[in-house]
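can't give you the sequence, but here's the structure:
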């Protein structure tokens, strides 16, 4: 007979989390089914010239049944390890490649999980783009989070080497937030790093963040990678980062992620930003 103390009873909190996660997964599945998945575009600007867009980042968004636009941060952790995560990566890549095809002067970064490497429809999107127009891949940047890259470094290194030869660039996202084994840096051969926003907030007056940001910038330079500071919202932080030698800046100070209703709206908006 089972002892009463051995019986596992879910706490109200764990039950609530389980219900929430199930609701999020259902919402994602429904968005995939109805094709209510889109990208919001945010500019990344060159340091010292906020009007000069270096490239855009395409950020996943879905629309729920009430018409609300839901950012990826609200659902990505619940689907990261699931089939839905691979499907979302595929849709994001397909939308990004289509945007590059419609905008020949554009460079665009798209987020991916290392778990999507080898996923048939995701890799097929890359192969199809190469067959259709190889120049599209030369304007594509694939961003892999630090934690994702370190889960399967050998697989990531091989994947990056293959697609580097096709012109694809690679970025290490959330640099400094995870547990990068620096001995892998030469093997990875990332083209850029995006310094995690936790080090950027109040960097103009936070001496700890200053030391960490400058250290990460020096590491990037040593490995010939250009740097992007994420989450810049204050002018004083931007000024400090420019003086510190960070190459590009991203954040609400320079532009919020925008979903465009059509190609015409997208072209008008990006033309203004490039002017």
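The structure has been received and is ready for your questions. Quick caveat: nothing in here was measured; it's all calculated off a predicted structure.

can you map out the strands along this structure?
37-46, 49-63, 69-71, 108-112, 140-145, 169-175, 192-195, 226-229, 248-250 (DSSP state E).

and the last one, what does it pack onto?
On a contact count with 3 or more CB pairs under 8 Å, 6 or more residues apart in numbering; DSSP states H and E, strand 248-250 meets strand 37-46, strand 49-63, strand 226-229, helix 235-243. Yep, even glycine has a C-beta here, placed from its N, CA and C like the rest.

among those, which is nearest residue 127?
strand 49-63 (19.6 Å; CB to CB).

Show me what counts as buried in the closest one.
50, 53-63 (16 or more other CB atoms under 10 Å).

In terms of secondary structure, what does it contact?
Partner elements for strand 49-63 (3+ CB pairs under 8 Å, 6+ apart): helix 12-34, strand 37-46, strand 69-71, helix 83-102, strand 108-112, strand 248-250, helix 263-274.

Give me the neighbour count for residue 127.
Counted by other CB atoms under 10 Å, the residues lying close to residue 127 total 10.

confidence score at it?
We have a pLDDT of 95 for residue 127.

now it: how far from residue 168?
Relative to residue 168, residue 127 is positioned 12 Å away (CB to CB, to the nearest Å).

cool, and residue 112?
Distance of residue 112 to residue 168, given as CB to CB: 11 Å.

Quickly list what's touching both of these two.
Residues touching both residue 112 and residue 168 (CB atoms under 8 Å, 6 or more residues apart in numbering): residue 142.

the more surrounded of the two?
residue 112 (24 against 21).

these two touch, right, that one and residue 140?
No - here residue 112 lies out of contact with residue 140, judged by CB atoms under 8 Å, at a distance of 10.7 Å.

ok now stretch 158-168, how far from the chain's centre?
18 Å (CA atoms, centre = their mean, to the nearest Å).

same thing with stretch 54-74?
With CA atoms, centre = their mean, you get 12 Å for stretch 54-74.

Then stretch 87-96?
The answer for stretch 87-96 is 12 Å, by CA atoms, centre = their mean.

how many other residues sit next to residue 46?
15.

Report the contact partners of the residue at minimal distance from the centre of the chain.
Central residue of the chain (CA atoms, centre = their mean): residue 111, 3.6 Å from the mean position. Neighbour list for residue 111: 57-60, 72, 89, 92, 142-145, 173 [criterion: CB under 8 Å, 6+ apart].
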